[in-house]
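Asks: no FASTA, just this:
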DNA sequence: CCTCTTTATGAACGATCGTGCTAATTGCTC
DNA sequence: GAGCAATTAGCACGATCGTTCATAAAGAGG
């Protein structure tokens, strides 16, 4: 039998995987318990409600995302290099199916974008963080003179993110990884056109 | 009492609205019947199974999309003008909340992209049609000499679509219509940079 | 008007959902 | 090792799900 924190982590790991495929709503406590071979009420009691489980799952996915994408990119110093690493890391994360259903947040955002509540708020907050991070990276690069001083960094961040989002959507739906290459090409071309220094890789 | 086709149309109209918010899976026959004030088995009998209802809902949404976006754009002759009209029409459709939860296909694709079955196939086919239409419009424009002859039209189609997809995602999730403006700006800039003739509007 | 096919209803089914409530089990502290 | 707090299991509940079936209502054709 497992002690609290371990159980929680075990449940959340499986919950992220299920939710990335079936959605946070399709994620059911009974199924979760069945797959983990623990009791349904054991899982339930640990979170208190399904909504709490969903919010906790979002938080867990955010941590995975930070570990896999954000933290590695932040090891590169501010500038276009870091911006590129963020994008490239994200593409690798999506392509590598860290979650079996593709990017967790893409699925969660599409599922809850029109449904008010704590789950939506958690997803929206996480994605807003990501958007802010991209914008900040772009703006830093500009102020460092590594991007043309006239460039609209907010717009740039939106556009590179858009290519990633679309790549994930297309790749998962059509089982076609070339979409990631298209996104990579698009992002690199866009950055190279605005950069005053060479890009890494 | 309504004759068959009318009932079917009535059911599907409501089904599209519900599904765009709650998802095609969250769409339940009982709820549908309740909102329309008809019997649950009446709704069910008309489709034979929930999966059939979901597939029919996707087909109905495709028709709405063609009416609202594709058909109007095809009134503009081939060229960058038509390509632009397709993008602009799509943005208007998404912004105007033809479906209350934003673009129906964005929601459906994210929900079923990792779940094999007839529903996913239907969604994937519809989106493949859209992608092919964009690529064709771009390639036509290029061959008409309205886009630089060297430009990769497949890549271009991917990128303009990506901006639209991302705009819908961000606008619905954060209740912020400026995302549509960002997408519009991005698409227009991209097209203008490659076009050899002025863009309409 | 009677008949026949199409369409809609109502009740019921087994399954699964989220959620309480109680009891058993575990790990830690003395 | 006894006692205690935290954790898990077991069972039951009302609700809702998709689905089935027998039956009633409604339009079309003779």
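Replies: Received, thanks. These numbers come from a predicted model, not from an experiment.
Asks: quick one: the biggest helix by length in chain A near DNA strand C?
Replies: Counting by DSSP state H, the longest helix found in chain A is helix A:118-143. No - against DNA strand C, helix A:118-143 shows no contacts by CB under 7 Å from any atom of the strand, the least distance being 11.8 Å. Quick note: C-beta positions are derived from backbone N, CA and C, even for glycine.
Asks: for stretch A:104-113, same thing?
Replies: No - using CB under 7 Å from any atom of the strand, stretch A:104-113 stays clear of DNA strand C, coming no nearer than 14.0 Å.
Asks: quick one: neighbours of residue A:157, just the number.
Replies: 24 (other CB atoms under 10 Å in any protein chain shown).
Asks: follow-up on the earlier one: give the next helix or strand downstream of the longest helix of chain A.
Replies: Secondary structure here is assigned by DSSP states H and E; on that basis, the next helix or strand after helix A:118-143 toward the C-terminus is helix A:153-174.
Asks: could you give the angle of that following helix to helix A:118-143?
Replies: Computed by axes from the mean of the first three to the mean of the last three CA atoms, to 10 degrees, the angle separating helix A:153-174 from helix A:118-143 equals 130 degrees.
Asks: tell me the buried residues in helix A:153-174?
Replies: With burial defined by 16 or more other CB atoms under 10 Å in any protein chain shown, the residues of helix A:153-174 counted as buried are A:153, A:155-174.
Asks: for it, which helices and strands make contact with it?
Replies: Packed against helix A:153-174, as judged by 3 or more CB pairs under 8 Å, 6 or more residues apart in numbering or on different chains; DSSP states H and E, are the following elements: helix A:80-95, helix A:104-112, helix A:118-143, helix A:178-194, helix B:104-112, helix B:118-143, helix B:153-174, helix B:178-194.
Asks: quick one, which of those is nearest to DNA strand D?
Replies: Distances from DNA strand D to each of those were compared using CB to the nearest atom of the strand; the minimum, 11.9 Å, belongs to helix B:118-143.
Asks: buried ones in that closest one?
Replies: Judged by neighbour count using 16+ other CB under 10 Å, the buried positions of helix B:118-143 are B:119-120, B:122-124, B:126-127, B:130-131, B:133-142.
Asks: wait, residue A:30 touches residue A:40, no?
Replies: Yes - counting by CB atoms under 8 Å, a contact exists between residue A:30 and residue A:40, whose distance comes to 5.3 Å.
Asks: tell me which of the two has more neighbours.
Replies: Neighbour tally, residue A:30 and residue A:40, criterion other CB under 10 Å: the higher count belongs to residue A:40, 14 against 10.
Asks: and the more buried one, how far from residue A:47?
Replies: Distance of residue A:40 to residue A:47, computed by CB to CB, to the nearest Å: 12 Å.
Asks: hang on, the earlier thing: using JSON lines, lay out the helices and strands packed on helix A:153-174 together with mean pLDDT and distance to DNA strand D.
Replies: Compiled in JSON lines, those are given as follows (pLDDT from 0 to 100; distance: least, CB to the nearest atom of the strand, whole Å):
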{"stretch": "helix A:80-95", "mean pLDDT": "98", "distance to DNA strand D": "30"}
{"stretch": "helix A:104-112", "mean pLDDT": "98", "distance to DNA strand D": "16"}
{"stretch": "helix A:118-143", "mean pLDDT": "98", "distance to DNA strand D": "18"}
{"stretch": "helix A:178-194", "mean pLDDT": "97", "distance to DNA strand D": "32"}
{"stretch": "helix B:104-112", "mean pLDDT": "98", "distance to DNA strand D": "14"}
{"stretch": "helix B:118-143", "mean pLDDT": "98", "distance to DNA strand D": "12"}
{"stretch": "helix B:153-174", "mean pLDDT": "98", "distance to DNA strand D": "23"}
{"stretch": "helix B:178-194", "mean pLDDT": "98", "distance to DNA strand D": "32"}
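Asks: if anything else comes up later, I'll come back, but that's it for now.
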